[in-house]
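Colleague: What follows is a predicted protein model with its sequence.
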Amino acid sequence: MKEIVVISGKGGTGKTSVTASFAVLGEKDLVVADCDVDAADMHVFLDPDYREKHDFYSGELAQIDPETCIQCGKCAEVCRFNAIDIVNGSHHVKELDCEGCGYCARVCPVNAIKNIRNHVGYWYRSRIKTGAGMIHARMKVGAENSGKLVAKVKQEAAKLAESTNKKYVLVDGSPGIGCPVISSLSGAAYAVLVTEPTLSGLHDLERVYSVVERFRIPAGCIINKADLNIRNRDKIREFLKDKAIDLLAELPYDLRISTLMVGGRTMVEDPAIESGAMLGKSWNYILNRLKMN
């Protein structure tokens with residue numbers, strides 16, 4: 001089983017649109033993993049059935065027992081995160097501010113505070129419109145540790161692929177270069193970088209490739225809306241050539257793609273869309289390259 005990870009240095013480049021298109025092209029021969037857990041939106045294109053829902057816990061959270069608390073205020077005095085507030089004369093933990101360090105529990109004279117497992121979101125096992133399996137997740141508002149949830153999604157996707165004898169796991173990674181991206185790239189066989197012909201697009205492409213390079217993962221690049229700025233497109237071409245990154249496709253700007261997206265369809269589902277045919281060739285190139293390795 002080999003993992004193909006699609007990432008971008010910044011949001012809004014078309015990363016998820018490309019990944020969803022690859023998922024449709026792969027039909028039932030793969031498992032899809034939506035690892036963009038902070039802003040998951042693959043479901044818009046792939047119509048998952050949410051057949052299984054599982055809680056996800058990460059870290060700890062302080063909890064005050066109002067029946068035991070004597071309102072001495074020692075917990076609030078030692079909290080460096082200002083996570084303990086007084087509401088109607090009683091001390092309460094502000095969940096979004098609590099770091100779960102446990103200091104308040106240690107200084108409480110009546111043991112009114114304990115740390116509990118922090119519920120930060122959910123992960124799902126679904127079947128999508130192509131009949132393939134999909135593992136995806138959703139973080140709660142303000143929740144942290146998305147890197148751990150990404151690792152869980154990838155772990156479950158690998159299990160599903162192995163149990164159903166699928167050769168590939170297709171991963172929609174998070175944008176940027178932070179912990180979720182590093183977690184998404186761990187164990188990848190090939191990385192697809194999606195960028196756009198802007199100065200920020202080139203800058204963020206350079207940043208995210210520096211992460212891919214550290215993992216020594218072979219990579220290809222898709223330049224989305226490539227015809228909007230020829231000068232910046234050429235700069236990206238030079239960077240790809242210098243770093244020996246495969247130029248997979250240069251997708252033209254096409255307003256019809258937005259109409260497809262609103263209707264929950266990918267660009268490969270309309271034969272009139274030129275970008276769909278280009279992505280088809282890119283997908284076949286990636287699979288052939290992985291077969292040779």
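Modeller: Good, I have the coordinates. Numbering: from 1, shown residues only.
Colleague: can you pull the contacts of the residue positioned nearest the centre of the chain?
Modeller: Geometric centre of the chain, nearest residue: residue 36, 1.7 Å, by C-alpha atoms, centre = their mean. Under the criterion of C-beta atoms under 8 Å, 6 or more residues apart in numbering, the neighbours of residue 36 are 15-16, 42, 172-175, 180. The way it works is simple: take the backbone N, C-alpha and C, and place the C-beta from them, glycine included.
Colleague: For the stretch 101-250 of the chain, which segments count as helices?
Modeller: For the stretch 101-250 of the chain, the helices defined by DSSP state H, counting those that start in this stretch cover 103-107, 146-163, 179-185, 199-215, 230-243.
Colleague: So which bits of the longest one are buried?
Modeller: Using 16 or more other C-beta atoms under 10 Å as the burial criterion, the residues of helix 146-163 that qualify are 146-154, 156-158, 160-161.
Colleague: Could you single out the nearest of those to residue 113?
Modeller: Distance to residue 113, by C-beta to C-beta, is smallest for residue 148 among those, at 24.3 Å.
Colleague: Grab the nearest non-local neighbour of the closest one.
Modeller: For residue 148, ignoring the flanking residues on the chain, the nearest one in space by C-beta to C-beta, 6 or more residues apart in numbering is residue 58 at 4.8 Å.
Colleague: Please apply the same query to residue 60.
Modeller: Spatial nearest neighbour of residue 60, chain neighbours left out: residue 100 (3.6 Å); criterion: C-beta to C-beta, 6+ apart.
Colleague: one step back: would TSV of the buried residues of helix 146-163 with pLDDT and distance to residue 283 be doable?
Modeller: Shown next, in TSV, are the buried residues of helix 146-163 (pLDDT from 0 to 100; distance: C-beta to C-beta, whole Å):
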residue	pLDDT	distance to residue 283
146	71	28
147	77	28
148	85	30
149	87	27
150	88	23
151	89	26
152	92	27
153	93	22
154	93	21
156	96	24
157	95	18
158	94	21
160	96	21
161	95	17
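Colleague: For the residues you listed, which two are the farthest from each other?
Modeller: Most distant of the buried residues of helix 146-163, by C-beta to C-beta, are 146 and 161, 22.1 Å apart.
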